[in-house]
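1. generate coordinates for the sequence data below:
(one chain, ligands or ions: 2)
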Amino acid sequence: MKLIVSRSQISGCVHAPPSKSHTHRAFLLAALAKGESVVFSPLLGEDTLATLDAVKALGAHVCEANDRITIRGGDLHAPLPKGTVINCKNSGTSMRMLAGIASRLDGTTAFTGDASLCSRPMKPLLDALSELGAGVTSKNGCAPFTITGPGSGGDVHIRGDVSSQFISALLISAPLGKADTRIHLTTPLTSEPYVDMTISAMKKHGVSVETIDDGYLVRSGQVYSPVDVQVGGDYSSAAFLFAAAALTGEITVSGLDPADPQGDKVVISILETFGAGVVREGENVTIKKADLKAADIDLADAPDLFPIIAVLASQAKGTSRLYGAAHLRFKESDRIMSTVLFLRSMGADISETGDGCIVMGPSRLSGANVTTFGDHRIMMAASVAGLIAAGNTIIDDSGCCAVSYPDFVRDMQRLGADMREE
Ligand SMILES: O=C(O)C1=C[C@@H](OP(=O)(O)O)[C@@H](O)[C@H](O)C1
Ligand SMILES: C=C(OP(=O)(O)O)C(=O)O
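-> Ligands and ions are numbered 1, 2, ... in the order given. This next block holds a predicted model:
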């Protein structure tokens, strides 16, 4: 269905949706832990459900209630019946982390995904898993591919500037091997907070990760223990709500832990840098509309914020530069291209750079027909831009937010946004 967005203002209170990244890790580590773990308030979006379906296929016992998922794991195997293909749908996090796990299991696991995911890079990780002794088949370094384990441990070399998920995958699966695993980064690491999140989640389940001069060490002999996890609010999803308030009104978003290691927590300080009104009280964040001023923002460690920060920058007085995020080219869409395309079609003065964009503002936006390329963050960012545009903004796919924020349209409507699906 399409989403029609008209100029409107938002106000009120809303609870942040659960974190997608924390939910993936909670499901995967519970499946690796011998015993029963409960995941409270998980995100049940298409991406995290792809991970849940996959761990079931690998042998985890999953019991679903309305506010919790109970997972009994610790005895994973290549999927049965033989020939079962793990479909990771649109989820890069699922595919990368499950490929790591599959490389440590006895047997062959086949992977696929949707057209977008089957175009995203996997080769650096597949080469690393081969270096660790797993068998890999792939036509072009992307999905579909197969992994045959078990790979052993040892030294492995991988670049850190394509996706941090490759490193998270090597870390999470390392304890399944009989030997120490030493991960050597061959380039600087982008999206580093996500690796920190992985290490923190592993620690909660009893496995420690040490840093070495060029990467990480996971000593052998460690096992995951079952742990109950309460999933906190998602800062990446809340960023769309924050921007809508900074541009049109005032809202309070609850359920956002100020101590959470999510990298996209930086959105709060970015909003302050642009001049938005920000008040933090415990787990509540209130954002108020204000005249925005241009800023230079390094998004190397928070790439998911790029589309919505570009929308903010289009309304900020002066020239803003978003940079450090060349790896945006490898997301659900080439997000530098898709962001510049929709904002330019609405009248923004924006141009691509190799690792981001340059935006002159403020621009008066007009409604346009927006192509999301099926990318949830393009859909949500364009929706927010539509709130301040003259005329209607017609977004080609209202459903793609289901991967990370299934209730996005409903929440925005409840806050007063003029959005309707047709
Ligand atoms: O590990 C994770 O949960 C994620 C890592 C990031 O990807 P990259 O490391 O590829 O930037 C981010 O874009 C994605 O939404 C979630
Ligand atoms: C890129 C994203 O996720 P994934 O890599 O898991 O598809 C995202 O949520 O923006």
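
2. all contacts plus neighbour counts: C-alpha atoms, from now on.
-> Noted.

3. name the residues of the protein found near ligand 1, please.
-> S21, T93, S163, S164, Q165, S191, Y194, P303, D304 (C-alpha under 6 Å from any ligand atom).

4. between these, which is closest to L44?
-> Here the nearest of the residues of the chain next to ligand 1 to L44, counting by C-alpha to C-alpha, is S21; it sits at 11.7 Å.

5. what sits against that closest one?
-> Contacts for S21 were tallied using C-alpha atoms under 8 Å, 6 or more residues apart in numbering; they are T93.

6. for ligand 2, what's the nearest residue on the stretch 151-300 of the chain?
-> Nearest residue of the stretch 151-300 of the chain to ligand 2 (C-alpha to the nearest ligand atom) works out as Q165 at 7.6 Å.

7. in the stretch 1-150 of the chain, what residue comes closest to ligand 1?
-> Closest point on the stretch 1-150 of the chain to ligand 1, by C-alpha to the nearest ligand atom, is S21, at 3.9 Å.

8. okay if I get the residues of the chain next to ligand 1 as TSV plus secondary structure and pLDDT?
-> Compiled in TSV, the residues of the chain next to ligand 1 are given as follows (DSSP: H, G, I helix; E, B strand; the rest coil; pLDDT from 0 to 100):
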residue	secondary structure	pLDDT
S21	helix	98
T93	helix	98
S163	coil	98
S164	helix	98
Q165	helix	98
S191	coil	97
Y194	helix	98
P303	helix	98
D304	helix	98
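
9. would you show me how to pick out the buried ones of those in ChimeraX?
-> ChimeraX command restricting the residues of the chain next to ligand 1 to the buried ones, with burial defined by 16 or more other C-alpha atoms under 10 Å:
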select :21,93,163,164,165,191,194,303,304
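
10. count the neighbours of the nearest residue to G232 once chain neighbours are set aside for me.
-> Closest residue to G232 apart from its sequence neighbours, by C-alpha to C-alpha, 6 or more residues apart in numbering: P18 at 5.6 Å. Applying other C-alpha atoms under 10 Å, we find 26 residues neighbouring P18.

11. am I right that P18 is in contact with V39?
-> No: in this structure P18 lies outside contact range of V39 using C-alpha atoms under 8 Å: 11.3 Å.

12. so what sits against both of these two?
-> V231.

13. can you give me the pLDDT of G153?
-> G153 is assigned 83 on the pLDDT scale.

14. need the contact list for it.
-> So G153 contacts L132, A174, G177, K178, A179, D180, T181, R182 (C-alpha under 8 Å, 6+ apart).

15. among the residues you listed, name the buried ones.
-> L132, A174, G177, K178, A179, D180, T181, R182.

16. contacting residues for the third one?
-> Same thing as G177. Residues near G177 by C-alpha under 8 Å, 6+ apart: R104, P150, G151, S152, G153, S220.

17. now swap in the fourth one and tell me
-> Residues near K178 by C-alpha under 8 Å, 6+ apart: S152, G153, S220, G221.

18. please identify which of the residues you listed is nearest to I69.
-> Nearest to I69 among the contacts of K178, with distances taken as C-alpha to C-alpha, is G221, at 28.0 Å.

19. let's see the pLDDT reported for that closest one.
-> Predicted confidence (pLDDT) for G221: 94.

20. what does the stretch 1-150 of the chain have sitting close to ligand 2?
-> Counting by C-alpha under 6 Å from any ligand atom, the residues of the stretch 1-150 of the chain lying close to ligand 2 are N90, S91, G92, T93.

21. let me know the secondary structure of the first one.
-> Using DSSP: H, G, I helix; E, B strand; the rest coil, the structure places N90 in coil.

22. would you agree it is in contact with V403?
-> Yes: between N90 and V403 there is a contact at 7.5 Å, judged by C-alpha under 8 Å.

23. got any ranges where the stretch 201-350 of the chain has weak pLDDT?
-> Judged by pLDDT under 70, the stretch 201-350 of the chain has no weakly predicted residues.

24. now it against ligand 1: closest residue?
-> Closest point on the stretch 201-350 of the chain to ligand 1, by C-alpha to the nearest ligand atom, is D304, at 5.2 Å.

25. next, the closest residue to that residue other than its chain neighbours: secondary structure please.
-> Excluding its sequence neighbours, the residue lying closest to D304 (C-alpha to C-alpha, 6+ apart) is S236, at 6.6 Å. Assigned by three-state DSSP, the conformation of S236 is helix.

26. who's in contact with S236?
-> D264, K265, D304, L305.

27. now do T198
-> T198 neighbours (C-alpha under 8 Å, 6+ apart): R25, S168, L171, I172.

28. and the two most separated of these?
-> R25 and L171 (11.6 Å).

29. settle it for me: which of those two has more neighbours?
-> L171 (26 against 22).

30. and I86, how many neighbours?
-> I86 has 25 nearby residues by other C-alpha under 10 Å.

31. and if you look at G282?
-> There are 12 residues near G282, going by other C-alpha under 10 Å.

32. just to revisit the earlier point, can you list residues touching both of N90 and V403?
-> With C-alpha under 8 Å, 6+ apart, N90 and V403 have common neighbours E46, D47.

33. if you count what's nearby, which of these two comes out ahead?
-> N90 (25 against 22).

34. show me what contacts the more buried one?
-> E46, D47, G113, D114, S116, L117, E332, V403.

35. can you do 10 Å?
-> 46-47, 50, 112-118, 331-332, 374-376, 400, 403 (C-alpha atoms under 10 Å, 6 or more residues apart in numbering).

36. now for the buried ones among the contacts of G153: which two are most distant?
-> Longest span within the buried ones among the contacts of G153, C-alpha to C-alpha: K178 and R182, 12.7 Å.

37. what touches both of those two?
-> In contact with both K178 and R182: G153, G154, R219, using C-alpha under 10 Å, 6+ apart.
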